[in-house]
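*Asks:* After the sequence you'll find the predicted model.
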Amino acid sequence: MSASPEEVLALARDYVAWDIDSVTAAAVQALIDQNDIAKLTPMMTKRIQFGTAGLRAAMGPGYDKMNDLVILQTSQGLVRYLEAHVTDAREKGLAIGYDHRRLGTISSRRLAETTAAVFLAAGFKVYLLENFVATPYVPFAIQHFKTAAGIMVTASHNPKADDGYKVYWENGAQIIPPHDSGIAHSINQNLQPWQTFDFDNVRTHALFKDVTEEVATEYTAAIARMATRRDRNPSSNLRVAYTAMHGVGAPWIARAFEAFHHKPLYVVPQQRDPDPDFPTVAFPNPEEKGALNLAMQFAAENDCSLIIANDPDADRLAAAERASDGTFKAFSGNEIGVLLGYWLIQQWKAKHVDGPAAVLASVVSSRMLKKIATVEGLQYHDTLTGFKWLGNRAQELRAEGVDVLFSYEEALGYCCGSVLCDKDGIAAGSIFVEMAGALQEGWHAGSTTSGAPRTVTELFADLGRQYGEFVSYNSYIVCHDGKLTDRIFHRLRTEGPEGGYWTEVAGQRIVSIQDITMGYDSSAANHVCSMPRTPDSHMIMYEFANGVTITLRTSGTEPKIKYYTEIAGQPGQTREDLKHILVNFVDAAVNAMLEPDRHGLKRA
């Protein structure tokens, strides 16, 4: 919104009057006293946009940051929205969890307490998860207590300066439209604090309950029921290293491993405990280059053949395995997804269960799982990017009587079984290690080689021989200028030979285009895309004559233009051949389409 200096000062005075944090209030008051309109204007006029990921931004004073007042206002809006849209919302209550993020007086714990105070004052039951819980505990708590909604205060794997407010609906899945825009509207109608809230005594309120141990116990028992080798896991010779990436995961995955009857993990000591400064990693994201270096060093020193890693809020899983030369191979998100999906399909088939079953993946994930599902006689469904779509689609399929075995997105997000409808790095890690232990003992299902694969790496190679090679190449460029991003995508939509979409890139003909943002599908008879439109973000999917697929999309939580690419092999083509074709073409295509050098944009 645009505002005059007088309007900016008025907004700032309201902020100071309403703020419950004396430190952030004093910071804004100092700018008022200095009449610093330049600094105050973005702080007062650019409110954090509430979307399907809830809120995520840097911590600090102002409406454009994560702080007590913004969360108070957000919680007031959510209260009113739930009262209007969920039957018996107050009686059902709200589940709340939080991680360890902190900057000065602002912390995830404090923001969770602020949320609790607002909901308690409105007559809601509040089920609080204490002690820096893993994000999967919140959607589990929603289902366990049948609450109206849930909140996890976390910025997941974002930089240390950030925090977030993730909202789940009463079905345990992240919110999707129209709830996001409805909640955003409700927030704007409830900006002024309703009353003076009691933030310091939420834990003694009659409607408050600490459910940490109950949820931890029930969740751990639920995921342990997915184990298929609890009697044999104790005899495994696997030595597994683990890193929590300075996050919350270590105690919770230890409980899961005990329930699966796995041997204890070798935990990277420097990264075990929650630390909001994330001192050993530039970015606390196991996807980033170099993020697993310390874990690899520790694994080598302790003779571990396998590494698993959670991101800081433990809803994602990364993994690496020691090769014959002693180095460690980090698996991509797609490789882990295909491996877990294949394992769960084979375990389901071994049970001879009647009725339909399905696996799901996002549209930017590898098509290899689709091929496996088709060959093995299962349904395959894809959705838009994000577990908000995967989780809600899984719910729909289960309501139709379909057993959803697995869902995944290539950004290290995996949901195994039906315990949750959100990604879960704790359960996925426990099952991944069970699979690795089974391989070590000689388990196989239809191996194409004379001897069964004994490592995870060998299994993935074997799957390529069985179902065909699929090679992915994913990366991103960094763009902090939203208007430039808009211009880049506008060019792709309007500068084709006839003034519309492009028809060729880097010498390859475009076979089809799906523009999710605009709702356009070149291959549909009416040119209308079957997937939901995403008008607030850019996403275009291309298929090329050489068999390459490229999806370009903006990130909802980071200043990135991401690209996801894949090529499916033909008989006789090796992975090395395919990778050479894919990388050369994609690099040329990205240069032509995004023009990073011309715009001075940093590549990953």
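*Replies:* On my side now, so go ahead.
*Asks:* State the paired neighbours of the helix or strand bottoming out on mean pLDDT in the chain in the sheet, together with their directions.
*Replies:* None of the helices or strands of the chain scores lower by mean pLDDT, DSSP states H and E than strand 602-603, at a mean of 90. Paired with strand 602-603 in the same sheet, following DSSP bridges, are strand 475-478 (antiparallel).
*Asks:* Which positions in the strand it pairs with come out as buried?
*Replies:* Using 16 or more other Cβ atoms under 10 Å as the test for burial, strand 475-478 gives Tyr476, Ile477. The C-beta positions use only the backbone N, C-alpha and C, and glycine is treated the same way.
*Asks:* Could you pull out the strands in the stretch 201-350 of the chain for me?
*Replies:* Ranges of strands in the stretch 201-350 of the chain, per DSSP state E, counting those that start in this stretch, are 208-210, 240-243, 266-267, 306-310, 317-322, 328-330.
*Asks:* would you turn those strands into CSV with distance to Asn188 and mean neighbour count?
*Replies:* Conversion of these to CSV gives the following (distance: least, Cβ to Cβ, whole Å; neighbours: other Cβ atoms under 10 Å):
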stretch, distance to Asn188, mean neighbour count
strand 208-210, 28, 16
strand 240-243, 41, 28
strand 266-267, 45, 20
strand 306-310, 36, 27
strand 317-322, 37, 25
strand 328-330, 44, 19
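*Asks:* Apart from its chain neighbours, what residue comes closest to the residue nearest in space to the middle of the chain?
*Replies:* Centroid-nearest residue in the chain, with Cα atoms, centre = their mean: Gly413, separated by 5.8 Å. Ranked by Cβ to Cβ, 6 or more residues apart in numbering and with sequence neighbours excluded, the top spatial neighbour of Gly413 is Lys423, at 3.6 Å.
*Asks:* Could you look up the SS state of Leu360?
*Replies:* strand (DSSP: H, G, I helix; E, B strand; the rest coil).
*Asks:* Quick check: it vs Leu397, distance?
*Replies:* Using Cβ to Cβ, to the nearest Å, Leu360 is found at 8 Å from Leu397.
*Asks:* Which of these two has more residues huddled nearby?
*Replies:* Between Leu360 and Leu397, counted using other Cβ atoms under 10 Å, Leu360 has the larger neighbour count: 26 against 19.
*Asks:* Name the strands paired with whichever helix or strand Tyr408 is part of and say parallel or antiparallel.
*Replies:* Assigned by DSSP states H and E, Tyr408 belongs to strand 403-409. Strand 403-409 has its sheet partners listed here by DSSP bridges as strand 357-362 (parallel), strand 413-416 (antiparallel).
*Asks:* most neighbours per residue, which of those?
*Replies:* Per residue and on average, the most neighbours among those fall to strand 413-416, with a mean of 26 (mean count of other Cβ atoms under 10 Å).
*Asks:* Dump the C-alpha coordinates for that strand into CSV.
*Replies:* C-alpha atoms of strand 413-416 as CSV (Å, rounded to 0.1, in the frame of the first residue of the first chain):
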residue,chain,number,x,y,z
GLY,A,413,9.7,-34.2,1.6
TYR,A,414,8.2,-37.7,2.2
CYS,A,415,5.0,-39.0,3.7
CYS,A,416,5.0,-42.7,4.4
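*Asks:* Let me know the average pLDDT across that strand.
*Replies:* The pLDDT scores in strand 413-416 average 98.
*Asks:* angle of the helix or strand that it is followed by against strand 306-310?
*Replies:* Later in the chain than strand 413-416, the nearest helix or strand by DSSP H and E is helix 425-440. Here helix 425-440 runs at an angle of 170 degrees relative to strand 306-310 (axes from the mean of the first three to the mean of the last three Cα atoms, to 10 degrees).
*Asks:* Summarise which helices and strands helix 425-440 is packed against.
*Replies:* For helix 425-440, the elements it packs on are helix 212-224, strand 240-243, helix 249-260, strand 306-310, strand 317-322, helix 333-350, strand 413-416, helix 456-467, judged by 3 or more Cβ pairs under 8 Å, 6 or more residues apart in numbering; DSSP states H and E.
*Asks:* Worst mean pLDDT among the ones you listed?
*Replies:* helix 456-467 (a mean of 93).
*Asks:* who's in contact with the residue nearest to the centre of the chain?
*Replies:* By Cβ atoms under 8 Å, 6 or more residues apart in numbering, the contact set of Gly413 is Asp315, Arg316, Gly333, Phe387, Lys423.
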